[in-house]
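> Give me the fold of what follows.
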Amino acid sequence: MIITVTSYKGGVGKTTTAIHLAAYLQRLAPTLLVDGDAIRSATKWSKRGGDTGLPFKVVTHAQMVNHIRDFTHIIIDTEGNPTDDDFRDLAENCDLLVIPAVPESVATDGLIHTLAKLRSLGNKAHRVLLTMVPPKPRTEGQQLRDVLNSEGIPVFASKIPRLAAFEKAAAEGVPVYAVKDDRNAARAWDAYEAAAKEVVHG
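This next block holds a predicted model:
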């Protein structure tokens, strides 16, 4: 299975999503994370954890051809704001396009642009994942979900809460389930585990 995580808007949890989908899929079968981001966010995350930080292999896009045959699942963390040609190639060469979206107006503008591009390509193998969702009583997450549902846009039932545990995971170079001394780490992992199960089971 090839899963691409992309968005025309940066800062929406793209690398965090790629890391945690890969962490779940690695439990099922050998999984490779391809770091296609120009600033190598996933690679830097991996290096901060040393040899034991992440349970899967991380390679650059250029290195992918030498490794892809050895893995069952491939997660591709893409560059922010890809060119139209790159976006078309990404959309046409994966089993599922995961589009992280933060429920705030600036990020939503990027989401609208991404979805418009997918519509123009006739791509139906995509799903929006709500990320960095603020806690109740704030309602921005549900409002964005309602808008997407009303437009017939596929959305993950799972949502990823806004939690400091994810920042700690990135700083330590580990998946969020390995973060210690944070009472929300388990909750953070449960959210991505639920999303990953939706990827696997449709």
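
> okay, CA-based contacts and neighbour counts for the rest of this
OK.

> farthest residue from the center of this protein?
What lies farthest from the middle of the chain is P137; by CA atoms, centre = their mean that is 25.5 Å.

> Pretty sure that one sits in a strand.
No: in this structure, P137 is coil, not part of a strand, as judged by DSSP: H, G, I helix; E, B strand; the rest coil.

> how close does it sit to G110?
25 Å (CA to CA, to the nearest Å).

> for H20, same thing?
22 Å.

> Those two: who's more crowded?
The neighbour count for H20 versus G110, taken as other CA atoms under 10 Å, is higher for H20 (23 against 19).

> And the more buried one, what's its pLDDT?
Predicted confidence (pLDDT) at H20: the value is 98.

> need the contact list for A186.
176-177 (CA atoms under 8 Å, 6 or more residues apart in numbering).

> would it count as being in a helix?
Yes: counting by three-state DSSP, A186 is found in a helix.

> Begin at 546, not 1, for the rest of this chat.
In the new numbering, first residue 546, that becomes A731.

> so G625 touches D582, yeah?
Yes: look at G625 against D582 with CA atoms under 8 Å: they come within range, at 6.8 Å.

> Find the residue at the geometric middle of the chain.
Short answer for the chain (CA atoms, centre = their mean): T562, at 2.8 Å.

> all strands of this protein, in order?
Secondary structure of the chain by DSSP state E: the strands cover 547-550, 576-580, 602-605, 618-622, 641-646, 671-678, 700-706.

> do you know which of the ones you listed lies nearest D596?
strand 602-605 (10.1 Å; CA to CA).

> For the closest one, C-alpha coordinates in CSV please.
Only the C-alpha atoms of strand 602-605 are listed here, as CSV (Å, rounded to 0.1, in the frame of the first residue of the first chain):
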residue,chain,number,x,y,z
LYS,A,602,13.2,3.1,8.0
VAL,A,603,13.2,6.6,6.7
VAL,A,604,14.8,7.4,3.3
THR,A,605,14.9,10.4,1.0
